[in-house]
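Visitor: Okay, here's the prediction I keep looking at, along with the sequence it came from:
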Amino acid sequence: MTTESSPPHATSATDRDERPVAVVTGAGSGIGAAIARELGRRGHRVVVSDLDAERAAHVAGEIADATWRVLDVTDPDACDVVAGGVAAQFGRLDVWVSNAGVSRMARFVDVSSEDLRRTFAVNTYGVFYAGQAAARAMIALGRPGRIINTASMAGKQGRVPYLADYVASKFAVVGLTQAMAFELAPHSITVNAICPGFVATPMQERELAWEAALRGVAPDEVRAMWINDTPLGRLETPEDVALVAAFLASNDAAFLTGESIAVNGGAYMD
Ligand SMILES: NC(=O)c1ccc[n+]([C@@H]2O[C@H](COP(=O)([O-])OP(=O)(O)OC[C@H]3O[C@@H](n4cnc5c(N)ncnc54)[C@H](O)[C@@H]3O)[C@@H](O)[C@H]2O)c1
């Protein structure tokens with residue numbers, strides 16, 4: 001489903017032509033919101049997109065020169081409408097961050113086919129569809145571009161309890177990132193992924209409650225385990241992730257493609 005938008009800010013046409021344009025999916029919360037804010041701070045015109053209109057509008061309201069769109073990344077046509085619409089509106093599409101993701105914890109033997117389907121629909125198919133849409137728009141514009149996928153520490157190692165479907169969906173994103181990087185390189189489009197660790201977001205709050213219930217311990221005990229698993233000794237913040245995403249979007253990362261960058265305080269080193 002698409003699209004609603006706050007009115008564009010009243011900047012001059014010249015200003016608008018010079019500033020890079022970035023779309024972030026799942027940007028109404030947590031890591032995506034932090035990435036949108038960081039790109040905004042670095043001078044991008046940011047399109048905050050999310051399944052949830054209210055959240056998208058709220059985050060866009062915190063960023064100078066941001067607009068917002070409702071986008072369900074499981075809908076390939078909607079992804080094309082947003083990517084094509086942004087390209088038509090701004091005349092450029094420099095950065096696309098496929099960040100939307102979901103999780104639900106259960107023992108492997110208890111994961112329902114519906115939950116497995118939903119996890120893949122958002123985390124894997126959503127990254128595929130949104131990546132196709134972004135790449136089509138970038139290629140049509142004939143300009144270089146950056147695509148950044150949010151994978152996970154759980155996209156590189158399966159030693160993660162109660163998240164088998166999530167692990168499988170995120171391993172797929174790491175492979176997809178390499179395949180996209182290879183095919184899109186001739187168009188000067190780089191594709192990389194970020195692999196966060198234990199990030200304090202609403203998703204983590206839900207996982208804390210689920211894991212505590214599955215282990216039969218208090219949520220504080222689970223949080224302490226996660227911190228103990230992190231050599232840098234604290235939970236990761238959404239801003240920790242956003243800084244690496246912004247690096248991948250910057251000129252400093254111009255020759256970097258096909259990589260899935262760990263940003264996890266050392267919780268998993270590869
Ligand atoms: N929090 C962590 O510890 C952690 C660790 C590694 C990776 N990640 C990944 O980072 C990304 C962001 O996670 P978060 O912790 O900020 O989660 P979050 O739940 O706080 O935010 C996710 C956002 O995605 C949106 N969303 C869900 N389904 C969508 C869909 N179909 N289309 C568009 N938007 C949709 C939600 O409305 C929400 O605003 C996810 O891909 C997640 O898997 C999170």
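Guide: In hand now; what should we look at? Residues are numbered from 1 along each chain as shown.

Visitor: What parts of this protein come near the ligand?
Guide: The interface of the chain toward the ligand, taken as CB under 6 Å from any ligand atom, is made up of 25-26, 28-32, 50-52, 55, 71-74, 99-103, 122, 126, 150, 152, 196, 198-199, 201-204. To be clear about C-beta, it is placed using only N, CA and C from the backbone, and glycine gets the same treatment.

Visitor: So which residues make contact with the longest strand seen in the chain?
Guide: Longest strand in the chain, counting residues (DSSP state E): strand 189-196. For strand 189-196, the external contacting residues (CB atoms under 8 Å, 6 or more residues apart in numbering) are 31, 131, 135, 138-139, 144-153, 155-156, 173-174, 177, 180-181, 184, 236, 240-241, 244-245, 248, 253-254, 256-264.

Visitor: Show the average pLDDT along that strand.
Guide: Taken as a whole, strand 189-196 carries a mean pLDDT of 98.

Visitor: Using CSV, write down the CA coordinates of the next helix or strand after that strand.
Guide: Scanning forward in sequence from strand 189-196, with DSSP states H and E defining helices and strands, the next element found is helix 202-215. Backbone C-alpha positions of helix 202-215 (Å, rounded to 0.1, in the frame of the first residue of the first chain) are rendered in CSV as follows:
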residue,chain,number,x,y,z
PRO,A,202,10.8,-1.7,20.4
MET,A,203,11.7,-5.0,18.6
GLN,A,204,14.2,-5.8,21.3
GLU,A,205,11.6,-5.0,24.1
ARG,A,206,9.3,-7.6,22.5
GLU,A,207,12.2,-10.1,22.2
LEU,A,208,13.2,-9.5,25.8
ALA,A,209,9.7,-10.5,27.0
TRP,A,210,9.5,-13.6,24.7
GLU,A,211,13.0,-14.9,25.5
ALA,A,212,12.4,-14.4,29.3
ALA,A,213,9.1,-16.4,29.0
LEU,A,214,10.7,-19.2,27.0
ARG,A,215,13.7,-19.5,29.4
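
Visitor: in the very next helix or strand once past helix 202-215, what's buried?
Guide: Next along the chain after helix 202-215, taking DSSP H and E as the criterion, comes helix 219-228. By neighbour count, with 16 or more other CB atoms under 10 Å as the criterion, the buried positions of helix 219-228 are 222, 223, 226.

Visitor: who touches the spatially closest residue to the second one that is not a sequence neighbour in this structure?
Guide: Just to be clear, that refers to residue 223. In this structure, residue 223 finds its nearest non-sequential neighbour in residue 208, 6.2 Å apart by CB to CB, 6 or more residues apart in numbering. Going by CB under 8 Å, 6+ apart, residue 208 touches 219, 222, 223.

Visitor: Is it correct that the last one is in contact with residue 230?
Guide: If I follow you right, that is residue 223. No - using CB atoms under 8 Å, residue 223 is not in contact with residue 230, being 10.9 Å away.

Visitor: With that, I have no additional questions.
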